[in-house]
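Novice: fold the following and give me the result.
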Amino acid sequence: MVYLTRKAEFSASHYYHNPEFTAQENQRIFGKCNNPNGHGHNYTLEVTVKGPVDPDSGFVVDLKQLKETMNREVLDALDHRFLNKELPEFRSTIPTTENLAINIWKRLEPKLSLAKLHRIRLYETPDLFVDFYGEQ
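Specialist: Numbers count the residues shown, from 1 in each chain. Sure, this is the predicted structure:
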């Protein structure tokens, strides 16, 4: 089994708000991140796939196809978007880094055929990242 990771970057804005909480609870729990005008991040995404090496091509996956899938399913949908307002799935789910990683998994996993999605690693800042390995 070989693991292959491809990186991409995108920018998006969001805010954290739970409509079940009072304004005071939202402010206490989420602080500055509760600003309804949002704030932005430059994210780094790592998509790791796994599979056997094809003896004919020498590839686990065609890197061009993986890049095209990442662009179409993730970057085109998320880059320079206000997640809470532009993505239906984040109108009812708080767009934390954790939830964003899960969302990216759900976008990519059904689109990969030869290699199997192994991990989504999403960096929100250089020193904060989330690893998601799918539903266990």
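
Novice: and the residue lying farthest from the centre of the chain, what are its phi and psi?
Specialist: Residue farthest from the centre of the chain, counting by C-alpha atoms, centre = their mean, is Asp56 at 32.0 Å. Asp56 has phi and psi values of phi -80, psi -40 when expressed as degrees, to the nearest 10.

Novice: need the pLDDT of it.
Specialist: The score at Asp56 is 93. That number is its pLDDT.

Novice: and the gap between it and Leu63?
Specialist: Separation of Asp56 from Leu63 (C-beta to C-beta, to the nearest Å) stands at 16 Å. Backbone N, C-alpha and C define where each C-beta goes, glycine included.

Novice: again with Ile94
Specialist: Ile94 is 33 Å from Leu63, by C-beta to C-beta.

Novice: next: Lys106.
Specialist: 22 Å.

Novice: so for those two, which residue has more residues nearby?
Specialist: Using other C-beta atoms under 10 Å, the more surrounded residue of Lys106 and Leu63 is Lys106, with 14 against 11.
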